[in-house]
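Undergrad: got a sequence here, can you model it:
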Amino acid sequence: MPTTVEPVTLPAPVVVPETSTRPTQDHGYLVVCWNDPVNLMPYVTHVFQTVFGWDRRKAERHMLEVHNQGRSVLIRESLEEAETHVHKLQGYSLQATLERDDA
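TA: Numbers count the residues shown, from 1 in each chain. Modelled structure (predicted):
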């Protein structure tokens with residue numbers, strides 16, 4: 001006597017989103033230079049050229065922004081790169097800070 005097989009309903013597969021153990025490149029940190037009463041404008045221009053490898057024109061534009069507006073956002077980088085730049089600027093006695101860019 002032939003037997004009939006009843007269809008079996010399998011549960012839907014569970015989909016687990018892939019997670020990477022490798023951190024993503026976060027470019028959400030701003031290096032900000034602040035105006036101070038100590039450093040001369042040509043010196044600040046020189047430091048920007050040295051630290052960032054900028055030409056004189058770009059370095060002067062940021063220096064004037066610092067002088068006239070009190071601060072200039074110099075670059076937007078990953079946390080590690082931004083920290084490195086802040087420490088370099090501080091090594092030249094400039095007032096520099098790191099800010100999270102939440103924009």
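Undergrad: which regions of this protein lie under the pLDDT threshold?
TA: Counting by pLDDT under 70, the chain has low-confidence residues at 1-2, 5, 8, 10, 14-27, 103.
Undergrad: backbone dihedrals for the residue nearest to the spatial centre of it, please?
TA: Per CA atoms, centre = their mean, the C-alpha nearest to the average position across the chain is that of residue 77, at 2.5 Å. Listed backbone geometry of residue 77 is phi -140, psi 180, with angles given as degrees, to the nearest 10.
Undergrad: so it touches residue 85, yeah?
TA: Yes. Residue 77 sits in contact with residue 85 when judged by CB atoms under 8 Å, with a separation of 6.9 Å. (Glycine included, C-beta is placed from N, CA and C.)
Undergrad: okay, and the common contacts of these two?
TA: Contact criterion CB atoms under 8 Å, 6 or more residues apart in numbering; residues shared by residue 77 and residue 85: residue 31.
Undergrad: which residues in the protein form strands?
TA: For the chain, strands defined by DSSP state E occupy the ranges 29-34, 71-77, 95-100.
Undergrad: and those strands: which comes nearest residue 11?
TA: With CB to CB, the closest approach to residue 11 among those belongs to strand 95-100: 43.6 Å.
Undergrad: what is that closest one packed up against?
TA: Counting contacts by 3 or more CB pairs under 8 Å, 6 or more residues apart in numbering; DSSP states H and E, strand 95-100 packs against strand 29-34, helix 79-91.
Undergrad: most tightly packed of those?
TA: Looking across the helices and strands packed on strand 95-100 with neighbours counted as mean count of other CB atoms under 10 Å, the highest average goes to strand 29-34: a mean of 20.
Undergrad: and the contacts of that one?
TA: Counting by CB under 8 Å, 6+ apart, the neighbours of strand 29-34 from elsewhere in the structure are 44, 48, 62, 66, 70-79, 81-83, 85-86, 89, 94-101.
Undergrad: that one vs strand 95-100, what angle?
TA: Orientation note: strand 29-34 sits at an angle of 150 degrees relative to strand 95-100 (axes from the mean of the first three to the mean of the last three CA atoms, to 10 degrees).
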